[in-house]
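Undergrad: What follows is a predicted protein model with its sequence.
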Amino acid sequence: MRFLDDREFPTTQDALLFYAAFVLAWAVFLPPVFWVCVELARALCLCCKYIAFAFAAMFPAWCVMAYVNAKKMRESVPLGVRRKTVGEADPLQGRSNGAKRLCIVGAGAAGLCATRAALRRGFKVCTYEKSDSPGGVWAYGRRSGKVFNSVLQNVTKMANCFADYPAPRSFPAYVGWRKTMEYLCGYAAAFQLTSVIELNAEVISVEKCANGEFEVTIASGTPRKDSNLSHRVERFDFVWVASGQLTKPETPVVRGLDSFTGDVMHSSEYTEPTSFLNRHVLVVGLGAASGSDIAQDLSTTAASVTLSIRTERYVMSRGLKHGIATFLNWISLFTPAWLGVVGYTYFDWWPCVHRISPGVTDSGDLLKEFALQRIKRATLVDRIQGREVFFVDGTSGKFDAIIFATGYRREFNFMAENLRPTSGLFEHCVLPTEPRVGYILFVLPFGTHWQVAELQANYLARVHDGTIPLPSIETMSVLAERFQTSSHHEHFAEYFRMKYLFLLAPYIFPKLETLLRQPRLLMRILWSPYVAPPCEWASESWRDRTAYGDARGHMSVKWNKFRWNRW
């Protein structure tokens, strides 16, 4: 008689003894296991029952709190209506002959959706981009690019997209700079935006004239090739700044940094890990994603990688863990819009969610890299002496290169002093002292930035064409949100996305009596995925809408003839 790996029992008695013990062990083991499984199933059913009961009992209260919170988010709109009703002066007065000539600075993601929103509202648009290609920070290797070669977006392609232009099904769930550029350039071509975008045109200055117009000075040409750039002056009625918040790299003041004999750079200059082959690299700053991503990118190439962390943050996997979609990703993909809106506006009341500390870092698998010692941890840098870096906990190390992933400072030196948002922005995008100037995506929400840019652009377009009345300049100055010059995530949820959704809801969604006569459109609004662009929820275009049917396929891997990560 043979057993498993061809070993033989010495005698028949040994074989019988073995099988008797085997049967006895399972006879003793199975009944309690079966009983435990039955009890666990009963407990699970009981928990589901009470959770469903609690949800049903609390849901009306949630809706009431969500309604109150949503009303508070829209409190400035009634102020504008009241100003217009009583006949107060229009803060937008001073336009030249009612013209709508608009200058948009920047043709990145924010500039592109702003250009489309303005064209749809009848503005005469000129968009200026200093690089030789649209795309902004995603234009790798170009003048405006600030990404490295292997970078991935922090959110899925289903969330980081614009209304009426879904990402192709062939794209993976998380895309890099190549697919991002393909999407943005395709978006510009699909909506005929390229005809109003001037490339290699940098806005040098924006000043307000005595007659109320804005005088914009543009330098045309490629600085690397043209020694003498041609300058010209154009005049506009409105100016939207969409140059982005990742403008000026911010490097902290470190004692002895000038004495460092190795290479020093900011994360915006990092492109490839090959230039750091067999070198000892220090990455300063965990950041929202950049420090973590660069450290992991270097871990297989550099001789050693050390990550200096000032503040501990919550580390989240970027949507996928062991080939399985994370619970947060699963929820965000399949939550209907109405439930997501109610849930967010309810939880926005709670400080632990509304302003979470110390923040969140999107990470591939940073903790595994720490555990395998491919990335070493260090505390805050204290001082530098030659090639040796000393940390505040008393440790030190010698490095060949330092990469600062310490964020950016918003800079807009081309704007005149009286046109800069030094004191704050009304609704996070309108300059209170000069309401005909708007700043798009000068906020840092958690989640998709592109949808916030699209909502802000639609809001500005409706404000500047007179559809949405503004309060007085004095009221806007009082209500203006304090402007942050350094980058950080101000909220743990998509506060700005919800804010503009509530501001625009009366203008982008049909009235209730209209929806009741169009049940198909009503169901579309109710059951659109929460991550879809809000401007698309009520779109009557059923062909050009974000496709979510492939989400399951993108995040499901077949291995060894089985689909282990089935949802």
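TA: Thanks, I have the structure now. No experiment lies behind these values; they were computed from the predicted model shown.
Undergrad: Which parts of this structure belong to which domain?
TA: Here the domain assignment for the chain is 2-73, 94-247+409-509, 251-313+358-406, based on automatic domain parsing.
Undergrad: need those domains in a markdown table with mean neighbour count and mean pLDDT, can you?
TA: Where C-beta positions appear, they are placed from N, C-alpha and C, glycine not excepted. Converted to a markdown table, those look like this (neighbours: other C-beta atoms under 10 Å; pLDDT from 0 to 100):
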| stretch | mean neighbour count | mean pLDDT |
| --- | --- | --- |
| domain 2-73 | 11 | 82 |
| domain 94-247+409-509 | 20 | 87 |
| domain 251-313+358-406 | 18 | 89 |
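Undergrad: Can you lay out those domains as JSON lines showing distance to Val342?
TA: JSON lines is the format used below for the domains of the chain (distance: least, C-beta to C-beta, whole Å):
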{"stretch": "domain 2-73", "distance to Val342": "5"}
{"stretch": "domain 94-247+409-509", "distance to Val342": "11"}
{"stretch": "domain 251-313+358-406", "distance to Val342": "23"}
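Undergrad: Which among those domains is found nearest to Ala337?
TA: Checking the domains of the chain against Ala337 by C-beta to C-beta gives domain 94-247+409-509 as the closest, at 9.5 Å.
Undergrad: for Ala139, phi and psi?
TA: phi -80, psi 80 (degrees, to the nearest 10).
Undergrad: Is Ser396 bridged to anything, and to what?
TA: With DSSP bridges as the criterion, Ser396 is bridged to Phe390.
Undergrad: thinking it is in contact with Arg387, fair?
TA: No - contact criterion C-beta atoms under 8 Å: Ser396 and Arg387 do not qualify, at 10.5 Å.
Undergrad: any idea which helix is longest in the chain?
TA: Assignment by DSSP state H gives helix 12-73 as the longest helix of the chain.
Undergrad: Can you give me the buried ones in the helix or strand following that one?
TA: Next along the chain after helix 12-73, taking DSSP states H and E as the criterion, comes helix 76-86. Neighbour-count burial for helix 76-86 flags Ser76, Val77, Leu79, Gly80, Arg83 (criterion: 16 or more other C-beta atoms under 10 Å).
Undergrad: Output the contacting helices and strands for the helix or strand just after helix 76-86.
TA: Next along the chain after helix 76-86, taking DSSP H and E as the criterion, comes strand 101-105. Applying 3 or more C-beta pairs under 8 Å, 6 or more residues apart in numbering; DSSP states H and E, we find strand 101-105 packed against helix 109-120, strand 124-128, strand 201-208, strand 230-236, strand 238-241.
Undergrad: ok, now with 6 Å
TA: Counting contacts by 3 or more C-beta pairs under 6 Å, 6 or more residues apart in numbering; DSSP states H and E, strand 101-105 packs against helix 109-120, strand 124-128, strand 238-241.
Undergrad: The ones you listed: which one's closest to Pro469?
TA: With distances scored as C-beta to C-beta, the stretch of the helices and strands packed on strand 101-105 nearest to Pro469 is strand 238-241 (16.2 Å).
Undergrad: Report all helices and strands that that closest one contacts.
TA: Strand 238-241 sits against strand 101-105, strand 437-439, with contacts defined as 3+ C-beta pairs under 6 Å, 6+ apart.
Undergrad: For Glu312, find the nearest of these.
TA: Here strand 437-439 is closest among those (C-beta to C-beta), at 32.0 Å.
Undergrad: Need the contact partners of that closest one.
TA: Contacts to strand 437-439, defined as C-beta atoms under 6 Å, 6 or more residues apart in numbering, come from residues Val239, Trp240, Val241, Leu419, Pro421, Leu425, Cys429, Val430, Leu431, Leu460.
Undergrad: how far off helix 109-120 does whichever helix or strand comes after that strand point, in degrees?
TA: Once the chain leaves strand 437-439, the next helix or strand it forms, by DSSP H and E, is helix 449-464. Interaxial angle of helix 449-464 relative to helix 109-120 (axes from the mean of the first three to the mean of the last three C-alpha atoms, to 10 degrees): 30 degrees.
Undergrad: could you give the angle of helix 449-464 to strand 101-105?
TA: Here helix 449-464 runs at an angle of 160 degrees relative to strand 101-105 (the same axes, to 10 degrees).
Undergrad: so what secondary structure elements neighbour helix 449-464?
TA: Helices and strands touching helix 449-464, by 3+ C-beta pairs under 6 Å, 6+ apart, are helix 109-120, helix 495-508.
Undergrad: how about the ones you listed in a markdown table, adding distance to Lys368?
TA: Output for those, formatted as a markdown table (distance: least, C-beta to C-beta, whole Å):
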| stretch | distance to Lys368 |
| --- | --- |
| helix 109-120 | 31 |
| helix 495-508 | 31 |
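Undergrad: can you tell me which two in the contacts of strand 437-439 are farthest apart?
TA: Every pair of these checked by C-beta to C-beta; the farthest is Leu419 and Leu460, at 15.1 Å.
Undergrad: returning to that earlier point: kindly reformat the contacts of strand 437-439 as TSV containing distance to Phe148.
TA: TSV is the format used below for the contacts of strand 437-439 (distance: C-beta to C-beta, whole Å):
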residue	distance to Phe148
Val239	32
Trp240	29
Val241	26
Leu419	34
Pro421	30
Leu425	31
Cys429	30
Val430	34
Leu431	34
Leu460	32
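Undergrad: tell me which of those residues is nearest to Val196?
TA: Among the contacts of strand 437-439, Trp240 lies closest to Val196 (C-beta to C-beta), at 12.9 Å.
Undergrad: partners of the closest one in the sheet?
TA: Judged by DSSP bridges, the bridge partners of Trp240 are Ile104, Gly438.
Undergrad: what sits against it?
TA: By C-beta under 6 Å, 6+ apart, the residues touching Trp240 are Ile104, Ala114, Gly438, Ile440.
Undergrad: switch to 8 Å and redo it
TA: Trp240 makes contact with Leu102, Cys103, Ile104, Val105, Ala114, Ala118, Val437, Gly438, Tyr439, Ile440, Ala457, Leu460, according to C-beta atoms under 8 Å, 6 or more residues apart in numbering.
Undergrad: For the spatially closest residue to the fifth one that is not a sequence neighbour, give its distance to Ile440.
TA: Spatial nearest neighbour of Ala114, chain neighbours left out: Ala457 (4.0 Å); criterion: C-beta to C-beta, 6 or more residues apart in numbering. Using C-beta to C-beta, to the nearest Å, Ala457 is found at 6 Å from Ile440.
Undergrad: Also Val430?
TA: Counting by C-beta to C-beta, the gap from Val430 to Ile440 is 11 Å.
Undergrad: Between these two, which contacts overlap?
TA: Listed as contacting both Val430 and Ile440 by C-beta under 8 Å, 6+ apart are Leu460.
Undergrad: returning to what we had before: and of the helices and strands packed on helix 449-464, who's closest to Arg178?
TA: The closest of the helices and strands packed on helix 449-464 to Arg178 is helix 109-120. By C-beta to C-beta, the value is 15.2 Å.
Undergrad: re earlier: which single one of the buried residues of helix 76-86 is nearest to Pro168?
TA: Nearest to Pro168 out of the buried residues of helix 76-86 is Val77 (C-beta to C-beta; 37.2 Å).
Undergrad: doesn't Ile468 make contact with that closest one?
TA: Yes - using C-beta under 8 Å, Val77 is in contact with Ile468, at 7.0 Å.
Undergrad: quick one: common contacting residues for the two?
TA: In terms of C-beta under 8 Å, 6+ apart, Val77 and Ile468 are both contacted by the residues Leu503.
Undergrad: In contact with Tyr183, which residues?
TA: Taking C-beta under 8 Å, 6+ apart as the criterion, Tyr183 is in contact with Lys157, Cys161, Ala167, Pro168, Phe171, Val175.
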